[in-house]
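In: got a structure for you, letters missing:
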C-alpha cells in the first residue's frame, strides 16, 4: 500500500461534458437512456481510477434516477466523485446536469451510484487508499455510501 494514508475527494473528481447529437437520441429527440448510462459509467470509472491509480471495473450500479429528459442540442455535464472506499471497492456518485447552450440555464437531470473494483497487474482486486471527506457535502455522501453498501450486502445475501 502507498505511504500516503488517505486521498481527498477533490483529487479524483471528474467533470465530463457531452453534446447531445442526433445519433444519441430516440424518436422523440431525447437522449437515449442507454447513452446516458454509458456516459455515467465512463465518468465514474475515471473518478475511481484517478483515486485508486489502478484500472477499475464496474461491479454494480445501485440506482440511476431520470428526473428530466435531455433534448438534442443540449449539453450534458457529468460530475463524478468518490463517495467512499471499502478496501478494494469504491462507491462513486455521478450527478448529471443538462445545459441549454443558448441561455446557459442548467437543470439536474440524473443521479447515479456505482461501485467499482480496483484491479492490480495480475487482474486481482487491489487495496485502495481511503477517501477523506472534507466538506459537509462530502461527509454526507461518505455516510450515505455506508448505508447504501449495507443495503447492497443485505440484498446480495438474499440471493
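Out: Received the coordinates, thanks. Keep in mind that what you see is a predicted model, and the values were worked out from it rather than measured.
In: can we go C-alpha only for contacts and neighbour counts from here?
Out: Will do.
In: can you give me the strands for the protein?
Out: 7-8, 14-19, 55-66, 75-86, 89-99, 106-119, 131-132 (DSSP state E).
In: Check what pLDDT residue 5 gets.
Out: Predicted confidence (pLDDT) at residue 5: the value is 88.
In: Number of residues surrounding it?
Out: Neighbour count of residue 5, defined by other Cα atoms under 10 Å: 10.
In: Name the residues that touch stretch 117-131?
Out: For stretch 117-131, contacts defined as Cα atoms under 8 Å, 6 or more residues apart in numbering pick out 1-2, 4-9, 48-49, 51-52, 54-59, 82-90.
In: let's see 6 Å
Out: Residues from elsewhere that reach stretch 117-131, judged by Cα atoms under 6 Å, 6 or more residues apart in numbering: 6-8, 52, 54-57, 84-85, 87-89.
In: repeat for stretch 37-46
Out: For stretch 37-46, using Cα under 6 Å, 6+ apart, the contacting residues are 80, 92.
In: and if we set it to 7 Å?
Out: Outside stretch 37-46, the residues that touch it by Cα atoms under 7 Å, 6 or more residues apart in numbering are 14, 16, 56, 78, 80, 92, 94.
In: any idea of the mean pLDDT in it?
Out: 98.
In: For it, buried residues please.
Out: By neighbour count on 16 or more other Cα atoms under 10 Å, the buried set for stretch 37-46 is 39-46.
In: what's the closest of those residues to residue 107?
Out: residue 40 (16.4 Å; Cα to Cα).
In: how close does that closest one get to residue 103?
Out: Distance, residue 40 to residue 103, using Cα to Cα, to the nearest Å: 24 Å.
In: Could you name the helices and strands sitting against the longest helix belonging to the chain?
Out: The single longest helix within the chain, with elements called by DSSP state H, is helix 136-158. Here helix 136-158 touches strand 75-86, going by 3 or more Cα pairs under 7 Å, 6 or more residues apart in numbering; DSSP states H and E.
In: now the strand it packs on and helix 136-158, what's the angle there?
Out: 70 degrees (axes from the mean of the first three to the mean of the last three Cα atoms, to 10 degrees).
In: Make 36 the first number, not 1, from now on.
Out: All set: I'll call the first residue 36, so the last point we hit is now strand 110-121.
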